[in-house]
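1. Okay, here's the prediction I keep looking at, along with the sequence it came from:
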Amino acid sequence: QLQFVESGGGLVQSGGSLRLSCAASGFILGYYTVGWFRQAPGKEREEVSCISSRGMFVNYVDSVKGRFTISRDNAKNTVYLQMNSLKPEDTGVYYCAGHETIGAHCPTSGMDYWGKGTLVIVSS
């Protein structure tokens, strides 16, 4: 059974850090481009970051550039999102999702497999 499981969320003060993990089971993650998405209360889900299948290409939404870093360890079937200098506006449920494509393209409507999310709350 194809499955993504996110972990690492929690409550952190503004300026703090968290590291999210996205573990894949039931398939070889190295074949998939993977993205991190977030959904704040009352808002639509948005792409945060995306990494190509072998990690050669990455991209970030402007609001997290310089603060967040996406990475992957295909041997461990896991993708990570290191989040530093967190702000209250980073609060939301963070999801990882994957699809088979070339490059770091992660359209929210085009992802094939999704995890159930992990909650991040940044207090001011």
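-> Looks like it came in fine. Residues are numbered from 1 along each chain as shown.
2. any idea where the strands of this protein begin and end?
-> 3-7, 10-13, 18-25, 33-39, 46-51, 58-60, 68-73, 78-83, 92-99, 113-114, 118-123 (DSSP state E).
3. and stretch 62-75, which residues are buried?
-> Within stretch 62-75, the residues that qualify as buried by neighbour count (16 or more other CB atoms under 10 Å) are Val64, Phe68, Thr69, Ile70, Arg72, Asn74. To be clear about C-beta, it is placed using only N, CA and C from the backbone, and glycine gets the same treatment.
4. Now flag whichever of those residues is closest to Cys106.
-> Distances from Cys106 to the buried residues of stretch 62-75, taken as CB to CB, are shortest for Ile70 (10.2 Å).
5. from memory the closest one sits against Trp36, does it?
-> Yes - between Ile70 and Trp36 a contact is recorded at 6.4 Å, counting by CB atoms under 8 Å.
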